[in-house]
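*Asks:* predicted model and sequence follow; I will ask about them next.
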Amino acid sequence: DAKTTQPNSMESNEEEPVHLPCNHSTISGTDYIHWYRQLPSQGPEYVIHGLTSNVNNRMASLAIAEDRKSSTLILHRATLRDAAVYYCILRYEGGSEKLVFGKGTKLTVNP
Amino acid sequence: NAGVTQTPKFQVLKTGQSMTLQCAQDMNHEYMSWYRQDPGMGLRLIHYSVGAGITDQGEVPNGYNVSRSTTEDFPLRLLSAAPSQTSVYFCASSYRYRSTNTGELFFGEGSRLTVL
């Protein structure tokens, strides 16, 4: 199973952009990059996913490196409600579905 | 929509007792899974299932059993509880992942288990 590596923690100030990195150097051509976040005392929730092209939705943007060995989740204007643990995982179509989350990145947003 | 429902939300067990954590989803999802989360840690996959009658082991399966007799239900059984199994348990479900869907995992609210 392809693995991902994320920094343990990051800090940001409110209303500033946040770039959360994820390395996935062993990614295969059929792996999609998925991001989830877990707010305090809640279960994780889906944020965004992509394959090769950059993706945008109402929550965030996903920038994927050309070689696909890394990706960055972008929160354009961090709010206090964005303080959470962010997880990057890989998922491939029709795969074994053994979804390993890892420890994620704990984002602290300062007022 | 109920989504993913986990019961109980809280449970205290004594070492050696057995119990079942229930997980039910009403979205007709093929994929279901169980994770445990220890304080300050990420999610660790215990068991997962890609359909009724099919289960497989995750990262930390020892001490846990699962079965999937219906699409809706995926119970997690602790055979003989140990203090090391004190944790928060999350059940998650989704459609089998295909490029035509987001593969969004829906998580339950969690079950907090304490083993004394």
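*Replies:* Structure's in. What do you need?
*Asks:* can you give me the end-to-end distance of stretch A:16-31?
*Replies:* Start-to-end span of stretch A:16-31 (CA to CA, to the nearest Å) is 31 Å.
*Asks:* does that stretch reach chain B?
*Replies:* No. Stretch A:16-31 lies apart from chain B when judged by CB under 8 Å from any CB of the partner chain; the minimum separation is 9.1 Å. All C-beta atoms are positioned from the backbone trio N, CA, C, and that covers glycine.
*Asks:* now do the buried residues in that stretch.
*Replies:* Using 16 or more other CB atoms under 10 Å in any protein chain shown as the test for burial, stretch A:16-31 gives A:Val18, A:Leu20, A:Pro21, A:Cys22, A:Asn23, A:His24, A:Ile27, A:Asp31.
*Asks:* return the residues in contact with A:Lys3.
*Replies:* By CB atoms under 8 Å, 6 or more residues apart in numbering or on different chains, the contact list for A:Lys3 reads A:His24, A:Thr26, A:Val100, A:Gly102.
*Asks:* looks to me like it is in a strand.
*Replies:* No. Using DSSP: H, G, I helix; E, B strand; the rest coil, the assignment for A:Lys3 is coil, not a strand.
*Asks:* which bits of chain B sit near chain A?
*Replies:* Applying CB under 8 Å from any CB, we find that chain B lies next to chain A at B:31, B:33, B:35, B:41-45, B:48, B:50, B:56, B:58-59, B:90, B:92, B:96-99, B:102-105, B:107-110.
*Asks:* pLDDT value on A:Ser96, please?
*Replies:* Reported pLDDT at A:Ser96 in the predicted model: 68.
*Asks:* A:Leu73 and A:Tyr92: what is the separation?
*Replies:* Distance, A:Leu73 to A:Tyr92, by CB to CB, to the nearest Å: 19 Å.
*Asks:* who's more crowded, the two?
*Replies:* Taking other CB atoms under 10 Å in any protein chain shown, A:Leu73 and A:Tyr92 do not tie; A:Leu73 has more neighbours (25 against 18).
*Asks:* wait, doesn't that one sit right on A:Ile64?
*Replies:* No. Counting by CB atoms under 8 Å, A:Leu73 does not reach A:Ile64; the two are 10.4 Å apart.
*Asks:* quick one: which of the residues of chain B next to chain A sit in strands?
*Replies:* Assigned to strands by DSSP state E, the following of these qualify: B:Tyr31, B:Ser33, B:Tyr35, B:Leu43, B:Arg44, B:Leu45, B:Tyr48, B:Val50, B:Asp56, B:Phe90, B:Ala92, B:Phe107.
*Asks:* contacting residues for the nearest residue to the second one once chain neighbours are set aside?
*Replies:* This means B:Ser33. For B:Ser33, ignoring the flanking residues on the chain, the nearest one in space by CB to CB, 6 or more residues apart in numbering or on different chains is B:Tyr48 at 3.8 Å. The neighbours of B:Tyr48, taking CB under 8 Å, 6+ apart as the test, are A:Glu97, A:Lys98, A:Leu99, B:Tyr31, B:Met32, B:Ser33, B:Trp34, B:Thr55, B:Asp56, B:Gly58.
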